[in-house]
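Visitor: Here is my input; please provide its structure:
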Amino acid sequence: MERTDDGVELVRRALAHMQRRSTDMAPEPMALPVEAYVDPDRYRREVEAIFGRLPLALALSIELPEPGCYRTMSVIGRPVLIARDREGRARAFLNACRHRGSPVCEEARGKTPRFVCPYHGWTYDLQGRLEAIYAPDTFGAIDPADFGLTALPCAESHGLVWVSLTPGAQFDITDWLAGFGDELASLKLDQWHLYDQRELDGPGWKVAWDGYLEAYHHNTLHVNTVGKYTIGNLLLLDTYGPHQRIVFARRTLRELVDKPESEWDAAVHLRKIHSVFPNLSISGVLGDHCLVSQVFPGPTPATTVTRQTVLAAKKPESESERAATDAFSTMVRRAVEEEDYRIGRQIQAGIGSGANRAFVFGRNEPALQHYHRFVAQYASAGAP
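Guide: Numbers count the residues shown, from 1 in each chain. The predicted model follows:
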């Protein structure tokens, strides 16, 4: 599928599909055994190979606006601490004291000049170096250089902080993005206002993520939310290694049929979804608002936690601006929590019934096919 950054060309593609009642398509349908969704051994292998080793976008740069700001989280059971040091560099560590493993930071976010373990008072600077221990004369001689926080590979790029959960691993973020960096850069994520952030419990990783990758369900499941604005079963797909740019057409696209190309505005009539493998979706749904979704596998194949971050182009000041942002926030939460994840839980619960031995992805679901092929590729390789 041809890549293009030209909005006019994207509109041409979308209009052609709309008029033919078609969509971008894969060569043929693809079947995936239901064991891929429920088998616990397969789940552990895939989660470790993909989420445990590949670079993950764990935070937005705007979550760490200045030196001393930090963010903590648990990702596939591993405690992570991300902080911006005094020089402005984002760093990531395992959030575990090198004395006895207690978290050195218990709050989810904040600002501090240093981290002090609440158990025995060991103190670390923003670069993870051990600064001091409590009662050193009685503890005994140790080399502080040997007891810094365990660092995780970390890079900051395109308004995102990328982390690998494997200490000592190496990654080049430019290589990992496989040409997708320019797409992400166009979003200018470091210039948005973070309006709200929440966590939603959902069905299993693959059941949850499948819903982010197709428009086939928009006219049925989302008839009262996003489906009111998009043309169902119309999707444009461009791929960049494992990553994907998905484009949905808004119903207003019909207004362009008789207009000259000079009057086309792709930003008004198309909705871009930037899908970063394996779990990040950035959706510019309504001009001044953006939804960032990060889907993290839970402890079992049937559970996930989704971090939803609502961004506004600028901080809402007036009553009408706040009302518009609240309305967007409410809509995207409802679409995911009450629609996608409600039916996703039903799907997850029914997998063991024996009704299906495999799930089939149609030709009109090419992004799903692309995603699951890369899941299989990375799981079989065991490493990038």
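Visitor: give me the low-pLDDT residue ranges for this structure?
Guide: 1-5, 285-287, 382-384 (pLDDT under 70).
Visitor: again, only using 80
Guide: Applying pLDDT under 80 to the chain flags residues 1-6, 226-227, 284-287, 382-384.
Visitor: Show me how the record splits it into domains.
Guide: Domain assignment for the chain, taken from automatic domain parsing, gives 7-53+192-381, 64-153.
Visitor: Pick the most buried one from these.
Guide: Compared across the domains of the chain, domain 7-53+192-381 shows the largest average neighbour count, a mean of 18 (mean count of other CB atoms under 10 Å). Where C-beta positions appear, they are placed from N, C-alpha and C, glycine not excepted.
Visitor: Pull the distance from stretch 137-147 to the chain's centre.
Guide: Here stretch 137-147 is found 40 Å from its chain centre; the criterion is CA atoms, centre = their mean, to the nearest Å.
Visitor: hang on, the earlier thing: just so I know, which of the domains of the chain lies nearest residue 162?
Guide: With CB to CB as the criterion, residue 162 lies closest to domain 64-153 of these, at 8.4 Å.
Visitor: hang on, the earlier thing: could the domains of the chain be laid out in TSV, adding distance to residue 176?
Guide: Listed next are those as TSV, based on distance: least, CB to CB, whole Å:
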stretch	distance to residue 176
domain 7-53+192-381	8
domain 64-153	11
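Visitor: all helices of the chain, in order?
Guide: In the chain, the helices defined using DSSP state H lie at 7-20, 35-38, 40-50, 136-139, 173-177, 181-185, 205-210, 266-269, 319-333, 341-350, 366-381.
Visitor: so which of the ones you listed comes closest to residue 242?
Guide: Once the helices of the chain are compared by CB to CB, helix 366-381 is nearest, at 4.1 Å.
Visitor: Tell me which of the domains of the chain sits nearest to residue 173.
Guide: When the domains of the chain are compared by CB to CB, domain 64-153 sits nearest residue 173, at 9.9 Å.
Visitor: Work out the gap between the closest one and the centre of the chain.
Guide: So, by CA atoms, centre = their mean, the centroid of domain 64-153 is 25 Å from its chain's centroid.
Visitor: Residue 182: which of the domains of the chain is closest?
Guide: In this view, these are compared for proximity to residue 182 by CB to CB, and domain 7-53+192-381 is the closest at 9.2 Å.
Visitor: Can you give the distance from that closest one to the centre of its chain?
Guide: Counting by CA atoms, centre = their mean, domain 7-53+192-381 is centred 11 Å from the centre of its parent chain.
Visitor: sorry, back to before: distance to residue 356 added to the helices of the chain, as a markdown table?
Guide: Listed next are these as a markdown table, based on distance: least, CB to CB, whole Å:
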| stretch | distance to residue 356 |
| --- | --- |
| helix 7-20 | 29 |
| helix 35-38 | 10 |
| helix 40-50 | 17 |
| helix 136-139 | 60 |
| helix 173-177 | 34 |
| helix 181-185 | 35 |
| helix 205-210 | 12 |
| helix 266-269 | 37 |
| helix 319-333 | 29 |
| helix 341-350 | 8 |
| helix 366-381 | 15 |
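Visitor: Any idea which of the ones you listed gets closest to residue 107?
Guide: Residue 107 sits nearest to helix 319-333 of all the helices of the chain, at 23.8 Å, using CB to CB.
Visitor: Which of the domains of the chain sits closest to residue 183?
Guide: Closest approach to residue 183 among the domains of the chain (CB to CB): domain 7-53+192-381, 5.7 Å.
Visitor: ends of the closest one, how far apart?
Guide: Terminal residues of domain 7-53+192-381 are spaced 37 Å apart (CA to CA, to the nearest Å).
Visitor: between the helices of the chain, which gets nearest to residue 296?
Guide: Evaluated over the helices of the chain, closeness to residue 296 peaks at helix 205-210, with 8.0 Å, by CB to CB.
Visitor: tell me what that closest one is packed against?
Guide: Packing partners of helix 205-210 (3 or more CB pairs under 8 Å, 6 or more residues apart in numbering; DSSP states H and E): helix 35-38, strand 289-297, strand 304-312, helix 341-350, helix 366-381.
Visitor: residue nearest the centroid of this structure?
Guide: The chain has residue 280 as the residue nearest its centroid, 1.7 Å off, counting by CA atoms, centre = their mean.
Visitor: out of everything not next to it in sequence, what's closest to that one?
Guide: Spatial nearest neighbour of residue 280, chain neighbours left out: residue 57 (4.7 Å); criterion: CB to CB, 6 or more residues apart in numbering.
Visitor: Could you pull up the contacting residues of the one you found?
Guide: Each residue near residue 57 by CB atoms under 8 Å, 6 or more residues apart in numbering is listed here: 160-162, 276, 280, 294.
Visitor: quick one: residue 334 from residue 216, how far?
Guide: According to CB to CB, to the nearest Å, residue 334 and residue 216 sit 20 Å apart.
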